[in-house]
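K.L.:
Need a 3D model of the following:
(one chain, ligands or ions: 1)
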Amino acid sequence: MAHHLLEGKKGLIFGALDESSIAWKVAEAAHAEGARMVLTNAPVALRMGKIQQLGEALQAPIIPADVSNQEDIKNLWEKTLEHFGGPVDFVLHSVGMSPNVRKKRPYYDLKYDWLHKTLDISAISLHRILQEAWHMDALAEKASVVALSYIAAQRAFPSYNDMAEAKALLESIVRSFGYHYGKRKGVRINAVSQSPTPTTAGTGVPGFDTFLAYAEKNSPVGNATAEDCARFCVMLFSDYTEKLTMQTLFHDGGFSMTGISEDLMDIFSAAHDTE
Ligand code: NAI
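P.N.:
Numbering: from 1, shown residues only. Reported below is the predicted structural model:
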C-alpha cells in the first residue's frame, strides 16, 4: 500500500542487478511512493544482469558507472543532473564486492591488492560519490543518502572476510561525510545494517545459509527481508526523518540486541540431550 511518501522526489539508485537485489526492491518501493529515479550499475552488470527490465518498468534511465572509477562517477552525476534538470533528493548505495571472498582467500591469507579493491568498491565508493556530488552541488537541501551495511562491521563473522573491514570503513564515511554534508545543506547520511538476505552478493559469502538460519532463530521478530529493507529505505528517504543522520541503523529483527534466543537454547539443549 503506497502513501505517496516520495511524491515529486528524484533519486539515484546504485546496485540493482536482478530481482533479488536489495536495490531492485528499494527502486520498486520508491517508485510506488511516487519517486522518479536514475538507475546505475557497473558496465559488466549491465551486460550480465537484468537492470534493463527494471528501467523499463520504472521508466528510469540507466547510466553505467564503475564505482571505483572517478571519471565514471563524474559522468554519472552530470547525466543525472541533466536528466532531472536539478539536484537529487535521495541516493541509495547498495554496492559490495570482495575479490578475496570470491576467490576464497581466507582472512589470514589475503591478497592485498584485492583487499584494496574490496575497500575501494565497497566503501571508498561512497566517498567518491559524495565528493563528486559536493563539487557539482548535486544533492538537494535535506537530501537523504542511505548505504547498506552488515553487522560484521562491529562483530567477528569469520567467513565475511575482508568485507568486514569494508563495512567498518563504510560506516565511518557515513559519519564523517554526514557531518560535513549536514553542516553544508542539511543532507542526512545513514547506514542500514541489514539482516542476511538471499541475493547474489549475500549468497556469495561462504556459509550464507547458516548465517541466514542462525540470524532468523536469534531475531525476535525474524530476519528483515529485502522488501522490509525497501520500506525502511523509503522512510529514510522521506520527509519524516529529516533529523536522523550519521547513524548505523540495525534493521535486523532485533538480532544485534539479542544475546541468545530461547529457540537457539532449545536447539542446543536438544543436541546436548542426544549426546
Ligand atoms: P547484489 O549482488 O544484488 O548487489 C551488489 C551490487 O554491487 C550489484 O548490483 C553489483 O553489480 C554492484 N557492484 C559490484 N561491483 C561494482 C562496481 N565496481 N561498480 C558498481 N557497482 C558494482 O547483492 P545485495 O545483497 O543486494 O547487496 C547490496 C548491498 O547490501 C551490499 O552493500 C551488501 O554488502 C549489502 N548487504 C547485503 C546483505 C545480504 O545478506 N545480502 C546483508 C547486509 C548488507
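
K.L.:
element containing I63, please.
P.N.:
According to DSSP states H and E, I63 maps onto strand 62-64.

K.L.:
who does whichever helix or strand comes after that strand touch, helix- and strand-wise?
P.N.:
Counting by DSSP H and E, the element after strand 62-64 in chain order, helix or strand, is helix 70-84. Applying 3 or more Cβ pairs under 8 Å, 6 or more residues apart in numbering; DSSP states H and E, one finds that helix 70-84 contacts strand 10-14, strand 36-41, strand 62-64, helix 125-136. C-beta: built from backbone N, CA, C; applies to glycine.

K.L.:
Repeat the analysis, applying 6 Å as the threshold.
P.N.:
With contacts taken as 3 or more Cβ pairs under 6 Å, 6 or more residues apart in numbering; DSSP states H and E, helix 70-84 sits against strand 36-41, helix 125-136.

K.L.:
contacts for that helix?
P.N.:
With Cβ atoms under 6 Å, 6 or more residues apart in numbering as the test, helix 70-84 has contacts from 10, 12, 38, 40, 61, 63, 65-66, 128-129, 132, 136, 138.

K.L.:
What is the most widely separated pair among these?
P.N.:
Comparing all pairs in those by Cβ to Cβ, the longest separation belongs to K10 and D66, at 22.9 Å.

K.L.:
neighbour count winner among these two?
P.N.:
Just comparing K10 and D66: by other Cβ atoms under 10 Å the higher neighbour count belongs to K10, 21 against 18.

K.L.:
List the residues that contact that one.
P.N.:
By Cβ under 6 Å, 6+ apart, K10 lies in contact with R36, F84, V88, D89.

K.L.:
Which residue is the nearest non-sequential neighbour of the first one?
P.N.:
Meaning R36. Counting by Cβ to Cβ, 6 or more residues apart in numbering, K10 is the residue found nearest to R36 once chain neighbours are left out, at 5.3 Å.

K.L.:
ok, that neighbour to A140 distance?
P.N.:
8 Å (Cβ to Cβ, to the nearest Å).

K.L.:
which neighbours do these two share?
P.N.:
Both K10 and A140 are in contact with D89, where contact means Cβ under 6 Å, 6+ apart.

K.L.:
A226 reaches W24, doesn't it?
P.N.:
No. Counting by Cβ atoms under 6 Å, A226 stays clear of W24, with 7.7 Å between them.

K.L.:
neighbour count winner among the two?
P.N.:
The neighbour comparison of A226 against W24 (other Cβ under 10 Å) goes to W24, with 25 against 22.

K.L.:
and the more buried one, what helix or strand is that in?
P.N.:
Here W24 is assigned to helix 22-32, by DSSP H and E.

K.L.:
same check, this time on M246
P.N.:
Here M246 is assigned to no helix or strand, by DSSP H and E.
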